[in-house]
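>>> Any chance you could fold what I've pasted below:
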Amino acid sequence: MYQRLFEPPKNKSFFLFGSRGTGKTTWLKTHFSEAIYLDFLRPELLRRLLGSENRLEEYIPSDYTGWVVMDEVQKIPNLLDEVHRLIEERKDLFFVLTGSSARKLRNTQVNLLAGRALQYQFFPLTCAEVGDDFDLIHALKYGMLPSVFNEVNPKKYLQAYIQTYLEQEVQQEGLTRNIGAFSRFMEIASFSQGESLNVTEIAREAGIHRKVAENYFSILEDLLIAFRLPVFSKRAKRRLTQHRKFYFFDTGIFYHLRPKGVLDSPEELEGICLESLILQEIKAMNEYMEWGYKLSFWRTTTGAEVDIICYGDHGFYAIEVKRSHNISRKQLSGLKKFRKDYPEVVPYLIYGGKDKLEIDGVKIIPVIVFLRNIEEYLH
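From the prediction side, this is the model:
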């Protein structure tokens with residue numbers, strides 16, 4: 001098992017959200033091996049507490065002090081009222097509340113403990129966590145979920161993972177009545193990876209109403225398997241696009257969702273995967289290291305673009321990602337236009353070559369160098 005970077009708070013209850021398969025349960029059983037552990041994926045436990053939330057205290061002896069882990073707490077959202085009461089009455093109890101879906105917690109009047117529990121997110125593995133086992137080609141094709149490093153056939157694992165989400169998270173939770181339409185929608189959405197999202201166009205291609213498509217995107221975000229990146233518009237000096245960019249949370253999930261054929265360009269697909277991987281890494285490190293960056297992208301209505309903007313108290317960085325092994329000045333145009341509007345920014349171009357360069361004030365960094373030294377470049 002790889003050593004994870006996430007450091008839990010001491011003597012403070014917290015929520016830990018993250019997609020299935022990111023390693024939350026393994027990490028919890030390692031770090032809280034002495035805790036009382038309640039897994040709400042166990043049908044008998046779920047049945048006993050559902051609608052009878054006051055029974056929770058029966059699982060916690062009156063003289064017990066320490067941690068109580070409640071895995072997949074979104075299965076019984078009303079249980080959080082009881083957790084709130086126990087935190088107030090028993091000052092020596094601390095809770096870890098995990099979830100692979102935030103939908104029920106967001107869409108109902110659920111007690112999120114009013115600041116009595118911090119909120120964190122768990123991500124796929126990072127380059128720093130994998131260390132010497134990191135392989136760029138493998139990461140682009142299979143992603144960074146922990147199981148792809150152990151599975152004999154990671155392709156089969158990822159296909160099963162996608163099917164599991166469709167069946168267990170979407171269908172069983174009743175998030176949509178038409179699982180076939182949702183499955184087609186996910187495939188069509190994969191063509192928008194790293195692109196400005198046009199919900200109307202996707203709805204048309206999927207043969208569904210625009211409101212249904214918007215709801216489907218919300219389901220993906222609530223299940224923590226996709227997110228949308230906003231446009232950086234602070235002190236904007238140019239007309240900017242209004243559409244957010246869309247990403248599945250892991251490159252392996254995207255790669256195996258995306259239908260492929262003989263007419264698809266491997267170079268184009270690798271470029272999308274590389275940009276996704278860099279953003280995936282930055283998101284995880286930003287959370288674990290508590291850098292506090294707001295992540296966004298920049299695109300003008302005339303087509304000038306920068307893939308990733310990191311903006312916060314620790315710095316201001318503009319990052320363009322290119323799969324190519326050689327860089328021309330033309331490929332720097334988006335960064336240079338952005339720097340003209342924001343001279344305070346530090347511009348990086350991450351590329352597939354081997355040498356660190358600097359052209360027209362833009363630092364050009366090999367992918368592996370950036371991933372292995374991300375703290376040096378962003379902090």
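>>> care to break the chain down by domain?
Here the domain assignment for the chain is 14-121, 127-225+250-265, 280-378, based on automatic domain parsing.
>>> Out of those, the one nearest G271 is which?
domain 280-378 (4.1 Å; Cβ to Cβ). Just so you know, the C-beta spots here come from the backbone N, C-alpha and C atoms, and that holds for glycine as well.
>>> tell me the mean pLDDT over that closest one?
For domain 280-378, mean pLDDT rounds to 96.
>>> And for T25, the neighbour number?
18 (other Cβ atoms under 10 Å).
>>> CA atoms only: put the strand or helix carrying it into CSV for me.
Here T25, judged by DSSP states H and E, is contained in helix 24-31. Coordinates of each C-alpha in helix 24-31 appear next as CSV, following Å, rounded to 0.1, in the frame of the first residue of the first chain:
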residue,chain,number,x,y,z
LYS,A,24,-10.5,5.8,1.5
THR,A,25,-11.4,2.5,3.2
THR,A,26,-7.9,1.1,3.0
TRP,A,27,-6.5,4.3,4.4
LEU,A,28,-9.1,4.5,7.2
LYS,A,29,-8.4,0.9,8.3
THR,A,30,-4.7,1.7,8.5
HIS,A,31,-4.9,5.0,10.3
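>>> What lies in contact with that helix?
Here helix 24-31 makes contact (Cβ atoms under 8 Å, 6 or more residues apart in numbering) with 1, 4, 6, 8, 16, 18, 35, 37, 69, 71, 96, 98, 100, 122, 146.
>>> go again using 6 Å as the cut-off
Here helix 24-31 makes contact (Cβ atoms under 6 Å, 6 or more residues apart in numbering) with R4, G18, V69, T98, F122.
>>> Quick check: the farthest pair among those residues?
R4 and V69 (15.7 Å).
>>> in stretch 19-28, what's buried?
Buried residues in stretch 19-28, counted by 16 or more other Cβ atoms under 10 Å: S19, R20, G21, T22, G23, K24, T25, W27, L28.
>>> Kindly report the same for stretch 121-135.
For stretch 121-135, burial by neighbour count (16+ other Cβ under 10 Å) applies to Q121, F122, F123, P124, L125, T126, C127, A128, E129, V130, F134.
>>> returning to that earlier point: between the domains of the chain, which one is nearest to R238?
Closest approach to R238 among these (Cβ to Cβ): domain 280-378, 4.7 Å.
>>> gap between the two ends of that closest one?
14 Å (Cα to Cα, to the nearest Å).
>>> In the protein, where is pLDDT below threshold?
Within the chain, the stretches with pLDDT under 70 are 104-116, 172-175, 262-266.
>>> Please identify the residue most distant from the middle of it.
Computed with Cα atoms, centre = their mean, the residue of the chain farthest from its C-alpha average is D63, at 38.7 Å.
>>> any idea how far that residue lies from D92?
D63 is 10 Å from D92, where distance means Cβ to Cβ, to the nearest Å.
>>> And G292, by the same measure?
For G292, the distance to D92 - Cβ to Cβ - is 31 Å.
>>> Between those two, which has more neighbouring residues?
Taking neighbours as other Cβ under 10 Å, G292 and D92 compare with G292 leading, 12 against 9.
>>> Unless I'm misreading it, that one sits right up against G312, doesn't it?
Yes: counting by Cβ atoms under 6 Å, G312 is a contact partner of G292 at 4.7 Å.
>>> For the stretch 151-300 of the chain, just list every one of the strands.
226-229, 245-248, 294-299 (DSSP state E, counting those that start in this stretch).
>>> buried residues in the last one?
For strand 294-299, the buried set under the neighbour-count rule, 16+ other Cβ under 10 Å, comprises L295, S296, F297, W298, R299.
>>> The residue nearest to E7 when sequence neighbours are not counted: how many residues sit nearby?
Once flanking residues are discounted, E7 sits nearest to Y288: 7.6 Å by Cβ to Cβ, 6 or more residues apart in numbering. Counted with other Cβ under 10 Å, residues neighbouring Y288 total 19.
>>> Noted, bye for now.
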